[in-house]
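[1] When you get a sec, could you give me coordinates for this:
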Amino acid sequence: MSTTPTTMQFAVFPPEAIIEITDTMRGFRKLGVVAPSGLAYYDLLGDPSGDTAFPIYEAMQPQDVGDPTSWAFELVDTDPHAAQQFQELNGRLLDAGIDTLTYYRALKWARDNGRYDDLDAALAAGREATELVRDSRQYLDGLVASAAVVA
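    Below you'll find the predicted structure:
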């Protein structure tokens, strides 16, 4: 075991950037939106437990993944037909009444899988990804509550 102290280096991103980052509780990759400070991110928005910004550490391997506009332009350059389908899916997801991060997760799933014609599958994937984040948050909340009882 090393006795050398370690430091956690912060990563900085532009405010409101969409990043992919490793969840510290469960180890899966998730999307988040960078907070105004550029040093923290939100992984749930509009959640009953409140919008909590968590620090962005380099150890969590954060990556800027672009945004729906940049994803659309990439498709315009490579596959105009897919770009049209992407834009149609984008509009349908915006009309679906889901929160911003679930929308981003659904649209990114469609992009990653090249599935722009299946609203139901994209919505299911976005909701499933958000539920994973919510479950991880509940796990964290449970740890904090347990620590408070012990203290």
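[2] Leaving out sequence neighbours, find the closest residue to Ala40.
    Ala53 (3.8 Å; C-beta to C-beta, 6 or more residues apart in numbering). All C-beta atoms are positioned from the backbone trio N, CA, C, and that covers glycine.
[3] mind listing what the one you found touches?
    With contacts taken as C-beta atoms under 8 Å, 6 or more residues apart in numbering, Ala53 has the following neighbours: 35, 37, 40-42.
[4] Could you check the top helix by length along the chain and say which residues are buried?
    The residue-count maximum for a helix in the chain (DSSP state H) belongs to helix 119-150. By neighbour count, and taking 16 or more other C-beta atoms under 10 Å as the criterion, the buried residues in helix 119-150 are 119, 122-123, 125-127, 129-130, 132-133, 136-137, 140.
[5] cool, stretch 22-40 as well?
    When burial is assessed from 16+ other C-beta under 10 Å, stretch 22-40 yields the following buried residues: 23, 30-35, 38-40.
[6] picking that back up, mind putting the buried residues of helix 119-150 in JSON lines, distance to Asp79 and pLDDT included?
    JSON lines is the format used below for the buried residues of helix 119-150 (distance: C-beta to C-beta, whole Å; pLDDT from 0 to 100):
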{"residue": "Leu119", "distance to Asp79": "19", "pLDDT": "98"}
{"residue": "Ala122", "distance to Asp79": "17", "pLDDT": "98"}
{"residue": "Leu123", "distance to Asp79": "22", "pLDDT": "98"}
{"residue": "Ala125", "distance to Asp79": "20", "pLDDT": "98"}
{"residue": "Gly126", "distance to Asp79": "22", "pLDDT": "98"}
{"residue": "Arg127", "distance to Asp79": "27", "pLDDT": "97"}
{"residue": "Ala129", "distance to Asp79": "24", "pLDDT": "98"}
{"residue": "Thr130", "distance to Asp79": "28", "pLDDT": "96"}
{"residue": "Leu132", "distance to Asp79": "29", "pLDDT": "96"}
{"residue": "Val133", "distance to Asp79": "30", "pLDDT": "95"}
{"residue": "Ser136", "distance to Asp79": "34", "pLDDT": "92"}
{"residue": "Arg137", "distance to Asp79": "36", "pLDDT": "87"}
{"residue": "Leu140", "distance to Asp79": "40", "pLDDT": "78"}
